[in-house]
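Trainee: Here is a sequence with its predicted model. Questions after.
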Amino acid sequence: MFELALIAVIATILNALTVEFHCRLQTRHITKQRTVSNLIKHYLLMLPFIFGMLLFLSIIQTKINQLGVSSIRESLLLLGLVVLFLSPFIYIMDWRYPGLVSKMENWRKGVSD
């Protein structure tokens with residue numbers, strides 16, 4: 001159980017760093033002119049987060065299976081760990097970079113602020 005908690009904390013910290021890096025890159029990227037190549041780069045900047053999430057889920061699922069808990073407890077444990085993993089994403093996107101999501105959406109649509 002200690003290993004599971006340690007993995008969750010380390011993964012959450014790495015997720016926070018990934019999201020911070022992503023937001024900084026997107027803030028600079030959406031100031032560029034909207035072209036096909038810039039639009040593709042814009043979407044590719046999300047790949048590290050997606051791969052990190054998939055890696056986290058696979059590692060956590062393996063560790064939970066090794067614990068041998070019931071399926072209901074396993075589901076609740078997995079839900080709690082995913083919420084813990086996603087909390088930096090919500091915090092950073094909402095508090096540190098307010099309005100970034102709407103700016104990215106407007107940039108993708110070609111609408112000026």
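Mentor: Structure's in. What do you need?

Trainee: tell me, what residue is most central in the chain?
Mentor: F49 (4.5 Å; Cα atoms, centre = their mean).

Trainee: separation between that one and N65?
Mentor: 25 Å (Cβ to Cβ, to the nearest Å). No exception for glycine: its C-beta is placed from N, CA and C like everyone else's.

Trainee: rewinding a little: ok now do the residue nearest to the centre of the chain, which residues does it touch?
Mentor: N15, T18, V19, H22, F89 (Cβ atoms under 8 Å, 6 or more residues apart in numbering).

Trainee: pull the longest helix from the chain.
Mentor: helix 2-29 (DSSP state H).

Trainee: Report all helices and strands that it contacts.
Mentor: Of the remaining helices and strands, those touching helix 2-29 by 3 or more Cβ pairs under 8 Å, 6 or more residues apart in numbering; DSSP states H and E are helix 36-44, helix 47-67, helix 71-91, helix 100-109.

Trainee: That one: which residues count as buried?
Mentor: 4, 7-8, 11-12, 14-16, 18-20, 22-23, 26, 29 (16 or more other Cβ atoms under 10 Å).

Trainee: Which one of those residues is nearest to L79?
Mentor: A8 (12.3 Å; Cβ to Cβ).

Trainee: what's the burial count for the closest residue to the closest one other than its chain neighbours?
Mentor: Spatially, and ignoring its direct neighbours in sequence, A8 is nearest to L81 (5.0 Å; Cβ to Cβ, 6 or more residues apart in numbering). Close neighbours of L81, defined as other Cβ atoms under 10 Å, add up to 22.

Trainee: Could you report the distance from L81 to A16?
Mentor: 15 Å.

Trainee: if I pick the nearest residue to H29 once chain neighbours are set aside, what's in contact with it?
Mentor: For H29, ignoring the flanking residues on the chain, the nearest one in space by Cβ to Cβ, 6+ apart is H42 at 5.9 Å. The contact partners of H42, taken as Cβ under 8 Å, 6+ apart, are Q26, H29, I30, M104, W107, R108.
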